[in-house]
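Chemist: Quick one, structure for this:
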Amino acid sequence: MLLVLSAVIVWMNWAFQLSIFWDAKSYYNYGWVVPVLALFLIWRRLGDRPTPVPPSVLDCVFVVGAFLILPFVQLFTEAIPNWRMIAWIHTGTVIFLSLGIAILMGGRRFGAHLFFPIAFLVTALPWPQRYEIPIISGLTDGVVHFTVECLRFFAVPAIYTGNVIEVGSQTVMVGDVCSGIRSLQALVMVGLFFGELFRHGIGKRLLLVFTAGFFAFAFNCFRALTLTLVVLYGEPGMFDAWHDWVGALAFGGSCLGLFLVSEWLNRGEKTTGGGAQSQKSFWDFNPIRPAFARLALSWIVLSFVLIEWWFARHDQDAPVGESLIMNWPDPSAESGFQFLDVPNNVQEFLRYDHGQRAEFYLPDGSRIEIYFLTWDRGILGMEAVDNHSPDICMVRNGGAVVEARTAPKEFDLLSSQIPFDTYQMRYPQIDQSFQTFRAVWLRGSESELNDVVSFRTRNQSITDHFRGAVERIRVGRRNFPVAMLLIGIEGKANIDDAWSAVEKILHSALVIEDVETEDLKP
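Modeler: Numbering: from 1, shown residues only. Predicted structure coming up:
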């Protein structure tokens, strides 16, 4: 029971750490149900478990190693929680530790018996972005094409640019109606769950995964087409009223379809497991030395407590104040400067604490649009800015395409250097090019602007990630309030011309000045 309690604590900590990816607006908002389903599958497997076999010395070494490694993985997870690679490493460590405990309790056959229910935790992990973004974007494009072709089939003159469908003066953004095939990852999890529930073989489980992808596309096509018709022909306000209901119907229909496919694949097979207990006692496991179990539980609890104390202590001591602020032009200037409302979808996904959006014109007629957003809590800001860069958000939601991406531009501001990611983009519907520049920095004192503590995970090497994580562990900080500046410029021929204009803007707009702000509580 002490070893089981150790595993429960490790699982609870794992779920808390990954909750940054399980926000309500995330593709992985189903993540909280995964450990519950995994426990259910483990319970079903206990009914027909094999006879316990004593573990070997090598098995014991494997378990001890898993216990010793976990605190070090926990340190890196606390330091850079939004790095998807460390989330995978953390999950792998939790799985190995859980399997090791199972091997101690019943031997290798028992560990193999519980492998899939324990490894089921992987379905809650965020996919690597290099694979996730092309898959989601490709499926979303397919939904757009399908919706437009269906409208044309019914003599509705529809056209599309990017993810935006246009019918006369009406426009519908598919990112609003299908959320980029939000249900794909959840349906893959559901398919694997049914595969284990019915005890299918490997081939049938893979078939269920492909079926989940098909249902995700098919039902999201139904959802997109339905909500597009609601926007075009319904009364004002009907979209908001129908949006969640149609989404729930599409996801429920997909789950029902997967269940029926699983039931069909189960025809003629002998049902096994199902939670029915065998003749042996439920507590028929290998005897384990109480001293080892107490030591393992104490090691887990003490290491977690010390790690939390180390970071909490330094987060509370973090200095307040902000050195880099925006100096906005006078709205009455001849440049036509004006503040604009931040679109609802930007507010919804970025969830910033303070934000401003403005536009103005240069003397040559070039148009400038600026977003300046800040987050008081670093963990939320890290995940938000990391997953919503221009090559993701603007391409999905604005019908833009990325033509080229050059090396970051360094902006020198006194003793600081702020790197700006650069994008050469184009609106295909009007064949107009524009350039976008984005910078993210740590809010705080001037010295922190060049801090080696890394908080961005995209477009950085693995070495940079580990170096930044080690530095964050050393200083004991995990809550780094962040700021993001996004500048778009229309009317320049290339990146270099646009950057020259942006540099002049930045020298007058960005000001280093120590300004005391409210305490940023971790």
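Chemist: As a check, name the ranges of all strands in the stretch 251-400 of the chain.
Modeler: Secondary structure of the stretch 251-400 of the chain by DSSP state E, counting those that start in this stretch: the strands cover 322-326, 338-340, 354-361, 367-375.
Chemist: Among the ones you listed, show me which one is buried the most.
Modeler: strand 367-375 (a mean of 20; mean count of other Cβ atoms under 10 Å). To be clear about C-beta, it is placed using only N, CA and C from the backbone, and glycine gets the same treatment.
Chemist: List the contacts of that one.
Modeler: Strand 367-375 has contacts (Cβ atoms under 8 Å, 6 or more residues apart in numbering) with 326, 340, 342, 346, 350, 352-362, 381, 384-385, 443, 481-491, 501, 505, 509.
Chemist: give me that answer again for 7 Å
Modeler: 326, 350, 352-362, 381, 384, 443, 481-491, 505 (Cβ atoms under 7 Å, 6 or more residues apart in numbering).
Chemist: related to what we said a few turns ago, ok, which of the strands of the stretch 251-400 of the chain comes nearest F285?
Modeler: Closest of those to F285 is strand 367-375, at 47.8 Å (criterion: Cβ to Cβ).
Chemist: Neighbouring strands of the closest one in the sheet, and parallel or not?
Modeler: strand 354-361 (antiparallel), strand 482-490 (antiparallel) (DSSP bridges).
Chemist: ok, back up a step: nearest to W14, of the strands of the stretch 251-400 of the chain?
Modeler: Among the strands of the stretch 251-400 of the chain, the nearest to W14 by Cβ to Cβ is strand 367-375 (24.6 Å).
Chemist: just how off-centre is the helix or strand C150 falls within within its chain?
Modeler: Assigned by DSSP states H and E, C150 belongs to helix 129-153. Mean C-alpha position of helix 129-153 versus that of the full chain (Cα atoms, centre = their mean, to the nearest Å) differs by 20 Å.
Chemist: ditto for stretch 476-490
Modeler: For stretch 476-490, the distance to the chain centre is 17 Å (Cα atoms, centre = their mean).
Chemist: sorry, back to before: can you redo the strands paired with strand 367-375 as JSON lines with distance to A38?
Modeler: Shown next, in JSON lines, are the strands paired with strand 367-375 (distance: least, Cβ to Cβ, whole Å):
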{"stretch": "strand 354-361", "distance to A38": "38"}
{"stretch": "strand 482-490", "distance to A38": "33"}
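Chemist: In the stretch 51-200 of the chain, where is pLDDT below threshold?
Modeler: Within the stretch 51-200 of the chain, the segments meeting pLDDT under 70 span 161-163, 169, 173-182.
Chemist: Reformat the strands paired with strand 367-375 as JSON lines; add mean pLDDT and distance to V209.
Modeler: Shown next, in JSON lines, are the strands paired with strand 367-375 (pLDDT from 0 to 100; distance: least, Cβ to Cβ, whole Å):
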{"stretch": "strand 354-361", "mean pLDDT": "89", "distance to V209": "39"}
{"stretch": "strand 482-490", "mean pLDDT": "87", "distance to V209": "36"}
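Chemist: And the helices in the stretch 201-350 of the chain?
Modeler: Ranges of helices in the stretch 201-350 of the chain, per DSSP state H, counting those that start in this stretch, are 202-233, 238-265, 290-316, 344-350.
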